[in-house]
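**Q** any chance you could fold what I've pasted below:
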Amino acid sequence: MIYTIRVTSGQEKILAEILMKKSRAEKLAIYSIIHVENVKGYLFVEALDENVLVKLIQKVKHVKGFLKSAISVDEIEKLVKTPHPIALTMEVGDTVEMVSGPFKGERAKVVKIDEAKDEVTVELVEVAVPIPVTVKTKMLKLFQKANTAE
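**A** Model (predicted):
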């Protein structure tokens, strides 16, 4: 059975390691502990039953509790699969439009793409002095590809 544990947001990775060490030390029937990057405040634990889970999370700091109903592997699979990142559709030299933030509605030229951090460095086009600004890819919308601009 796979159970969902509520934890303090930002502590997921550390708690996964702590709980894994505790399960090994106490020889609990815990099969896996899953930390999904884009799901904040939750860990998924595969355990024999609910009693084993209670023993695992007992007296562990930053654990707020667990959801009574177990979830299926298919539900976790949906959370793990991420949509196609926008950075892959953008290339250096493309023109983009800011869709949120302080520069909303402004057009910019892509200077650098950092796929690991999901960030793009752009230079605003319609300003007197072009200033490089690093923003998350979700703040951008592709306006015009570089090769079609010529």
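**Q** the longest helix seen in the chain: what's the following helix or strand?
**A** The helix that spans the most residues within the chain, counting by DSSP state H, is helix 12-25. As assigned by DSSP states H and E, the chain's next helix or strand after helix 12-25 is strand 30-34.
**Q** show me which positions of that next one end up buried.
**A** By neighbour count with 16 or more other Cβ atoms under 10 Å, strand 30-34 contains the buried residues 30, 33, 34. Every C-beta, even on glycine, is put in place using the N, C-alpha and C of the backbone.
**Q** hmm, who's touching that strand?
**A** 16, 19-20, 23, 43-48, 52, 56, 76 (Cβ atoms under 8 Å, 6 or more residues apart in numbering).
**Q** nearest to residue 132, of these?
**A** The nearest member of those to residue 132, counting by Cβ to Cβ, is residue 16 at 36.5 Å.
**Q** show me what contacts that closest one?
**A** By Cβ under 8 Å, 6+ apart, residue 16 lies in contact with 33, 34, 35, 43.
**Q** of those, closest to residue 144?
**A** residue 35 (38.9 Å).
**Q** will you turn the contacts of strand 30-34 into a markdown table that also has distance to residue 65?
**A** Output for these, formatted as a markdown table (distance: Cβ to Cβ, whole Å):
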| residue | distance to residue 65 |
| --- | --- |
| 16 | 16 |
| 19 | 14 |
| 20 | 19 |
| 23 | 18 |
| 43 | 12 |
| 44 | 14 |
| 45 | 12 |
| 46 | 18 |
| 47 | 15 |
| 48 | 19 |
| 52 | 16 |
| 56 | 12 |
| 76 | 19 |
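**Q** what subset of those residues is buried?
**A** Buried, going by 16+ other Cβ under 10 Å: 16, 19, 23, 43, 44, 45, 46, 47, 52, 56, 76, out of these.
**Q** in the longest helix of the chain, what counts as buried?
**A** 12, 15, 16, 18, 19, 22, 23.
**Q** might one say that the fifth one is in contact with residue 46?
**A** No. Here residue 19 lies out of contact with residue 46, judged by Cβ atoms under 8 Å, at a distance of 11.7 Å.
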